[in-house]
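Visitor: got a predicted structure plus its sequence, pasted below:
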Amino acid sequence: MAYRLFEGKKHASSYWKHRISPSDELIRQMLDFLEKRKGHPFELAVDVCCGSGQGTVRLAKHFASVVGTDVSPAQVEVALENAKEPNITYRQCVAEELPLADSSVDLVTAMSAFHWFDRPRFLHEAHRVLKPNGCLALINYTVNMELSYPDCCSDTLNQVCKEFYAALEPYRSPHLGPSSMELYREAYESIPYPDKDWQECVWVKRPMPLSSYMGLVETFSSYQALLREDPQKATTLSQDICQRLMSVMRVTSVETEVVVAVKYFYLLACKPQEA
C-alpha cells in the first residue's frame, strides 16, 4: 500500500520554499555509480515522487531529459510554476505505475519518498523501466538534524532540537516504524541485483536562516499530523522552540544564519545487462 501525503497546495508551496535537496556531493556519487556501470550518454532520468521539484532540477544539467513524477496535483503544479529548465517535464502519476516504456530509463531516483511507496511494487516497476545497466538511487535523510552557530554551545543548542523532535515523535506515522532507514536497508537486501551499494552515514552541512530550519521541520509528516490534530498546539510548539533556539544563540532575528548538519543514507543498484 502506498501512502498519500503532502498533497495540499499550501504544503506543496512550503515544500518548495523549505525542503532540502541532495547536495552536489550526493548527486555526484549517484552519477559516478551510473557512469561506471553504464557510461555516457545520460539520456533519461526519472525522479519519482518529486514533490515540488528541488531534486529534479539538480539532475537536469546531467541528462538530456528528466521526468519528475508525483501523485499530488498540487505538488506538480508548484513544480511547474518554478520550472525553468527546458529539458524537464512533470507528470502526475503514482510511483508504482510510471508512464514510461520498458527499458527506457538510465536512472530512477526517489529522494526522501521511497518509504511512502508500496515498496515491492515500486521496485518491480523501477526494474521494468530501467535499461540494462541503468541504475536505481534511493536517498533519504534522518529527522535528527544538528545545528551549530559561532560562539554557541552546540550541545545546548541541539538539546532544544532534540526536544522538538521528541515532541513530534507521537505523531510519526506507524507505517515508518522506529526508523525509516530500516525500510531502505530491507529494500537493499531484497533487490536481487549483484551490483549495489549501501551507505548509511553521509553528513552534509549547509547554512540556512533559522527560519528555514524551522520551516523544514514543519514540512515533516509528524509536524503536519500535529497541525491537523491541533493547530494551536503545533504553532505554539514551533514558536517556543524557535524562541528557545534564538535565546541559546543570543540573537533576536529568526533570519540569523545557522549551519544545519543533515545525515543522509542511500542505496544504489545497477540493473544487470542480462535482465
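Guide: Okay, I see it. Residues are numbered from 1 along each chain as shown.

Visitor: elements contacting the strand or helix carrying residue 207?
Guide: In this assignment (DSSP states H and E), residue 207 forms part of strand 196-209. Strand 196-209 sits against helix 24-37, helix 180-190, strand 257-270, with contacts defined as 3 or more CB pairs under 8 Å, 6 or more residues apart in numbering; DSSP states H and E. Just so you know, the C-beta spots here come from the backbone N, C-alpha and C atoms, and that holds for glycine as well.

Visitor: next SSE downstream of it?
Guide: Going down the chain from strand 196-209, the next helix or strand is helix 210-218, by DSSP H and E.

Visitor: circling back: quick check: buried residues in the strand holding residue 207?
Guide: Across strand 196-209, burial judged by 16 or more other CB atoms under 10 Å covers 196, 202, 204, 208.

Visitor: kindly calculate the angle that that strand makes with strand 257-270.
Guide: 160 degrees (axes from the mean of the first three to the mean of the last three CA atoms, to 10 degrees).

Visitor: identify the residues contacting strand 196-209?
Guide: The contact list for strand 196-209 (CB atoms under 8 Å, 6 or more residues apart in numbering) reads 20, 22-23, 25-26, 29, 33, 181, 185, 188, 216, 254-270.

Visitor: so in that sheet, which strands flank that strand, and in what orientation?
Guide: According to DSSP bridges, strand 196-209 forms sheet pairs with strand 257-270 (antiparallel).

Visitor: what about dumping the CA coordinates of the strand it pairs with to CSV?
Guide: What follows is strand 257-270, C-alpha atoms only, in CSV (Å, rounded to 0.1, in the frame of the first residue of the first chain):
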residue,chain,number,x,y,z
GLU,A,257,22.1,32.0,9.7
VAL,A,258,22.9,28.7,11.3
VAL,A,259,24.7,25.6,9.9
VAL,A,260,22.5,22.6,9.7
ALA,A,261,24.1,19.1,9.6
VAL,A,262,21.9,16.5,7.8
LYS,A,263,22.6,12.8,8.0
TYR,A,264,21.8,11.1,4.7
PHE,A,265,21.7,7.4,3.8
TYR,A,266,21.2,5.8,0.4
LEU,A,267,21.1,2.7,-1.7
LEU,A,268,22.3,2.4,-5.3
ALA,A,269,21.7,-0.6,-7.5
CYS,A,270,22.5,-1.4,-11.1
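
Visitor: show the average pLDDT along that strand.
Guide: Average pLDDT, strand 257-270: 94.

Visitor: quick one: that strand to chain centroid distance?
Guide: 9 Å (CA atoms, centre = their mean, to the nearest Å).

Visitor: same check, this time on stretch 211-223
Guide: That offset, for stretch 211-223, works out to 13 Å (CA atoms, centre = their mean).

Visitor: now residue 61: phi and psi?
Guide: phi -80, psi -10 (degrees, to the nearest 10).

Visitor: tell me who's in contact with it.
Guide: By CB under 8 Å, 6+ apart, the residues touching residue 61 are residue 85.

Visitor: repeat for the one 4 residues further on
Guide: With contact taken as CB under 8 Å, 6+ apart, residue 65 is in contact with 43-45, 87-89.

Visitor: which of those tops the neighbour count?
Guide: Neighbour counts for those (other CB atoms under 10 Å) peak at residue 45, which has 28 neighbours.

Visitor: I'd say that residue and residue 63 touch.
Guide: Yes. Here residue 45 lies in contact with residue 63, judged by CB atoms under 8 Å, at a distance of 4.5 Å.

Visitor: who touches both of the two?
Guide: By CB under 8 Å, 6+ apart, residue 45 and residue 63 have these common neighbours: 106-107.

Visitor: which among the contacts of strand 196-209 end up buried?
Guide: Taking 16+ other CB under 10 Å as the criterion, what is buried in these is 20, 22-23, 26, 29, 33, 181, 188, 216, 258, 260, 262-270.

Visitor: mind naming the longest helix for the protein?
Guide: If you go by DSSP state H, the chain has its longest helix at helix 231-249.

Visitor: tilt between it and strand 257-270?
Guide: Using the same axes, to 10 degrees: helix 231-249 against strand 257-270 is 110 degrees.

Visitor: show the backbone phi and psi for residue 109.
Guide: Dihedral angles phi and psi of residue 109 (degrees, to the nearest 10) take the values phi -120, psi 150.
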